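Visitor: Please find the sequence and the predicted model below.
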Amino acid sequence: MVTIREIAEKAGVSKSTVSLALRQDPACSTKTIKRITRLANKMGYRPNPLVKANMANMRLGKRRKNVQSILAYFYDTSRGSPYELESFKGACKRADELGFALEPFAYNEPGLSPKRLLQILRSRNVQGILIGENDSPIQHIDLKWDEFAVATIGYTIQDPCVDRIGYDHVENMNQLYNDLRRRGYQRVGLAVRSDFDNRITHSPIASYLRFQFEQSLSEPLQVYVESKNWKRASFLKWFRANKPDCIVTVGNEIGKWLTHAKIRIPEDVGVFSIWGNLREESITYSHFDISLEQLARITIDVISDQLNSNSRGVPQQRRSILISGEIVHLDSLRSIAK
């Protein structure tokens, strides 16, 4: 990011002269304004619209310290109304606290071209974009990103490669397996959908294989990571072949399959859900306390920081902010032996 100080040093003038010239203040000569403006453009200088607006308010004697700017919440139309999403609600609250207004935009609305979407964002004077979470990976969103501060919730979006705020699944899994050891489980199995594993960069499988290696089992369990074959009959076949005493999974589905097969939880097998299905209201088994509202609030903070530092577009190096979760026990695991 090019600053006024750098322009002043390059031009051999004071910072105040550069500031006046870039505002085309009559106190500067036309020749100086043209020279400074030309140099600033050449160096890639881009004014911060929030600072510019706030300074204008100060000059006009307005009392309000902050100017409300528009942020966009990008959501997938398949997720229904954004106003019902936990992440949108949390993002709205945090945006309001920071003096922003958050508006929802369906980036994949039928018939809406990237060009038209950009025109809409420009007409609304949108300065930043929060890309919401989704059930499945998003390969690409086509947009001219260099005009916006942008960050995303979780690992869903593949392109653009922007700052993301998600849960630390590796830390969470390590915490979980330590807990399962204390509960005396010897044959822990992993059963997750492959699309979920793909969406969070294979963290469940990686952490599980490390756990198995540390356990030094003579007959390691096969992982049950399926997509098209994610069915009750297929799962029960895996379950009977591997004989796990505890299953790490996602959502409530595996627990329902076990109950249907008259397999008792936790007497016959323990169940722990590392993540809820985004469309399920609650997890009925022991799980991690995962708050999408919390992730959304932090994502708004990241976008606000980008705006304040006048950063726009896809960064050269993406930052990943990872938040660990807390274990919530709902009697689907055996107690820790005293």
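Guide: Great, that's in hand.

Visitor: buried sites along the strand or helix carrying residue 288?
Guide: When secondary structure is defined using DSSP states H and E, the element that contains residue 288 is strand 286-289. Of the residues in strand 286-289, those buried under the neighbour-count criterion (16 or more other CB atoms under 10 Å) are 286, 287, 288. In short, each C-beta sits where N, CA and C put it, glycine included.

Visitor: between those, which is nearest residue 117?
Guide: Distances from the buried residues of strand 286-289 to residue 117 were compared by CB to CB; the smallest belongs to residue 288, at 34.9 Å.

Visitor: neighbouring contacts of the helix of greatest length in the chain?
Guide: Longest helix in the chain by number of residues (criterion: DSSP state H): helix 292-308. The list of residues contacting helix 292-308 from outside it, by CB atoms under 8 Å, 6 or more residues apart in numbering, reads 48, 50-51, 69, 71, 85-91, 93-95, 98, 100, 102, 127-130, 132-133, 149-154, 163, 165-167, 312, 319, 321, 323.

Visitor: Of the residues you listed, which belong to strands?
Guide: Per DSSP state E, strands hold the following members of the contacts of helix 292-308: 69, 71, 100, 102, 127-130, 149-153, 163, 165-167, 321, 323.

Visitor: Mind giving me the PyMOL select for the residues you listed, buried ones only?
Guide: Here is the PyMOL command that picks out the buried ones among the ones in strands among the contacts of helix 292-308, judged by 16+ other CB under 10 Å:
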select buried, resi 69+71+100+102+127+128+129+130+149+150+151+152+153+163+165+166+167
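
Visitor: Partner strands of the strand holding residue 288, with direction?
Guide: Sheet pairing here is set by DSSP bridges, and for strand 286-289 it gives strand 270-273 (parallel), strand 326-328 (antiparallel).

Visitor: Highest mean neighbour count out of these?
Guide: strand 270-273 (a mean of 25; mean count of other CB atoms under 10 Å).

Visitor: who touches the residue nearest to residue 263 when sequence neighbours are not counted in this structure?
Guide: With CB to CB, 6 or more residues apart in numbering as the measure, residue 269 is the residue that lies nearest to residue 263, at 6.1 Å, once sequence neighbours are left out. Neighbour list for residue 269: 239, 244, 245, 246, 247, 258, 263 [criterion: CB under 8 Å, 6+ apart].
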